[in-house]
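[1] Kindly return the folded structure for what I paste below:
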Amino acid sequence: MNLLELIANQPYALWLGLGLIFLLLGMVVGEPTVAALGIAALITAMASLTVPLLTYQVVIWGILSIALSVVLRGLVPKRAKDLNPSTEAIVSETIPTGGVGIVSYEGSPWKARCQISDIAIHPGETVHVVGRQGLTLIVLPTNFSESNDYIDHHTSS
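    Now for the predicted structure:
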C-alpha cells in the first residue's frame, strides 16, 4: 500500500502524523502558532472518522488552525511598556564629591555615586540613573550648573 492509498483509505493517519510533527516542531521552535497547527491536525484526525471528504477535512483544519493560533498567541505574555525602569531618581542625602549618598529610585532608597567624581549633588535634585555597580546606582546630575561652577572655579586658578 503506497502513501496515496493510505491517505485515501485512512486519512486520520495523515492528520495524526501531521499533528505530531507540528507539535514536536512547536516545542523545538517555541512558537505557539506551530503548536496550534498540530492541535488542529489532531482534532481534524478525529473529525476525519466521520467527515469522509479530504476537502472538508482541510477546511476544518484551516479554521481550527486560525482559531487556535489566535487563542494560543493571546496566552503568550508580552512585555508591558509601562514596566520599563525609570531613569530618574531624587537625591535624599547629599552625594559628596567622590562619595556615596542616598537617592530615592522607583520608591526605594538606594546608595548612589556620581559618575563624575568632582561633583557633589544636594538633596532634592533630580539625577539620571546611568548604571549600577552592585547595590550602588551610578548617577549624573540633570543640571550641570554646579559642575560648571566647579570647572570655572578650578580652571581659573
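[2] dump the residue contacts of Leu72.
    Pro32, Thr33, Ala35, Ala36 (CB atoms under 8 Å, 6 or more residues apart in numbering). For every residue, glycine as well, the C-beta is placed using N, CA and C.
[3] From Pro141, how far off is Thr97?
    Distance, Thr97 to Pro141, by CB to CB, to the nearest Å: 12 Å.
[4] Same question for Leu53.
    74 Å.
[5] swap in Gly107?
    Taking CB to CB, one finds Gly107 at 21 Å from Pro141.
[6] Over to Trp110?
    16 Å.
[7] Same question for Gln57.
    Noted for Gln57: a distance of 68 Å to Pro141, by CB to CB.
[8] do the same with Glu93
    From Glu93 to Pro141 the distance is 15 Å (CB to CB).
[9] of those two, who's got more company?
    Pro141 (21 against 16; other CB atoms under 10 Å).
[10] Contacts only, for the more buried one.
    Cys114, Ile119, Ile121, Glu125, Val127, His128, Ser147 are the contacts of Pro141 under CB under 8 Å, 6+ apart.
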